[in-house]
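Student: sequence and predicted structure are below.
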Amino acid sequence: MKEKNGLDEMQQERKNRIGNQSFLLLMYLLLIDGGLYGFGLRWIEYPGNIMLIISLVSGIYVVRLIRNQAYVGPRPEIQRPVRRIFVMVFLAVAVAMAAMGVMAFLGAVEVKAVKDMTAPLLVITSLSALTVAGLTGFIIKRQNKDHEGREFR
Amino acid sequence: MSKNLKMKSARAAKDLSQQELAKAVGVTRQTIGAIESGDYNPTIRLCLAICHILDKTLDEIFWEDEQ
């Protein structure tokens, strides 16, 4: 009954619905932003406004997926989530460091700018990975919890 | 949609929890709960899988008489 992404059919249906709504929300927010720009109101300089809107809608999308239990599918057993969290954080930090190193080496951006951005980027990347991994582990654990109580019998 | 009490009673007759039935048909416990409470309309594939596990026919579990 599972789809390719591991979700069951009800989760897939919910995910599609939330995805469609998020896409429409994104479109409306971008239209409003464009309208405000047309009236001469610039609340944040480009491309910050676009990034902020996309981040906001992405955040709403993920939160709604988690709330509707359509973020992770049914799994038979938990496979060491703590170990996976550490691996994910390590990989996220390594990729971020490598990307910044390559950018600085190629001179694509000013070294000073790279150095200024490095710390926050690393923190944000690792925190994001940690949060997502932690949430995923928690949701899997909650979904697979064996309910032996009367209400589920 | 009304509650699917037939499915609930068939599951109870088999002494299966929602979690056990969900695992047997490859869905989450929440999906089984939603079907039983009438909040979700399952596909025919899932209906058949549930019927096979509960040893019932589609009619016995999912047929609704018109009121």
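Tutor: The structure has been received and is ready for your questions. Residues are numbered from 1 along each chain as shown, chains lettered A, B, ... in the order given.

Student: so what are the domain limits for chain A?
Tutor: Listed by automatic domain parsing, the domain ranges of chain A are A:1-74, A:77-153.

Student: now the longest one: average pLDDT?
Tutor: Looking at domain A:77-153 alone, the average pLDDT works out to 67.

Student: next: stretch A:38-46.
Tutor: Stretch A:38-46 comes out at a mean pLDDT of 87.

Student: how long is it end to end?
Tutor: End-to-end span of stretch A:38-46 (Cα to Cα, to the nearest Å): 13 Å.

Student: equivalent analysis for stretch A:36-46, please.
Tutor: Terminal residues of stretch A:36-46 are spaced 13 Å apart (Cα to Cα).

Student: I'd like the domains of chain A laid out as a markdown table, including distance to B:Lys23 and mean neighbour count.
Tutor: (Glycine included, C-beta is placed from N, CA and C.) A markdown table is the format used below for these (distance: least, Cβ to Cβ, whole Å; neighbours: other Cβ atoms under 10 Å in any protein chain shown):
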| stretch | distance to B:Lys23 | mean neighbour count |
| --- | --- | --- |
| domain A:1-74 | 7 | 15 |
| domain A:77-153 | 9 | 13 |
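
Student: CSV for those, including distance to chain B?
Tutor: Converted to CSV, these look like this (distance: least, Cβ to the nearest Cβ, whole Å):
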stretch, distance to chain B
domain A:1-74, 4
domain A:77-153, 5
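
Student: which one of those domains lies nearest to B:His52?
Tutor: domain A:1-74 (11.9 Å; Cβ to Cβ).
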